[in-house]
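In: Coordinates for the following, if possible.
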Amino acid sequence: MHLQNLYQHLSNVFDGQLPIEIRAREALLDAASTAKYSGVSGALRQPFLEVMAQPTAHPVCKLISEAALPWATPKTSDNPQYIKDSICKAHVEILGPGGLVRSDAVRIGLYGMMPNSTYGIRTHPAEETFIMLAGEAWWKRDEDEYAASVTGERSYHPSMMEHATLTKQQAFMSIYAWVGDLSTDNYVYKGN
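Out: Numbers count the residues shown, from 1 in each chain. Alright, predicted model coming up:
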């Protein structure tokens, strides 16, 4: 399946002026002509499809839900608590060291969490931004309290900033970008 249309539309989601968004947008546009996937696809669970079909969802959600992508739980850490907490997640790296299109300059993926789930405190060397595509998530950044984010809102994390995510009644779907040190060797998961 050729994914050029999806990558081009995802590049438009990164419409902010932060350097990380500019790099993500350019990387997706550069990768669009070679973006394809012919492996085994994974199904998105119903709560993801429901929030992605809501009128408040970003229009790109229609393309995401129609694409045959290898959805799986993320494999960022071998920490037992991380593995347990990842059961509620859906993830596909679309561009990056392990992405559908390889890149050593940026790591971009689609990422969601089921309702009533927690992805605890973590840090990593990469600079990161999440952009909400559908549903609602609660983001904790550094010492701040959890704050709700909905479609179009961002959670930006400079290198090594502690951050965490939780959901309440709704699932969410997002797109994220990492720049800088893309390795997961120094990723630390503290949990709750």
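
In: can you list contacts of stretch 23-32?
Out: 3-4, 7-8, 10-12, 14-15, 94-95, 101, 103, 105-106, 108, 129, 177, 179 (Cβ atoms under 8 Å, 6 or more residues apart in numbering). Any C-beta I mention is one placed from the backbone N, CA and C, and that applies to glycine too.

In: For it, buried residues please.
Out: Judged by neighbour count using 16 or more other Cβ atoms under 10 Å, the buried positions of stretch 23-32 are R23, A24, R25, A27, L28, D30, A31, A32.

In: Could you list the alpha-carbon positions for the strand ranked longest in the chain in CSV?
Out: Counting by DSSP state E, the longest strand found in the chain is strand 127-141. Taking Å, rounded to 0.1, in the frame of the first residue of the first chain, the C-alpha atoms of strand 127-141 are listed here in CSV:
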residue,chain,number,x,y,z
GLU,A,127,13.2,16.7,22.1
GLU,A,128,9.5,15.7,21.5
THR,A,129,6.2,17.1,20.6
PHE,A,130,2.8,15.4,20.5
ILE,A,131,-0.1,16.8,18.5
MET,A,132,-3.6,15.6,19.4
LEU,A,133,-5.6,14.2,16.5
ALA,A,134,-8.7,12.9,18.2
GLY,A,135,-10.1,12.3,21.7
GLU,A,136,-8.8,13.7,24.9
ALA,A,137,-5.6,13.1,26.9
TRP,A,138,-4.2,14.6,30.1
TRP,A,139,-0.6,15.6,29.9
LYS,A,140,1.8,16.3,32.8
ARG,A,141,4.9,18.3,32.1
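
In: Thanks again, I'm all set now.
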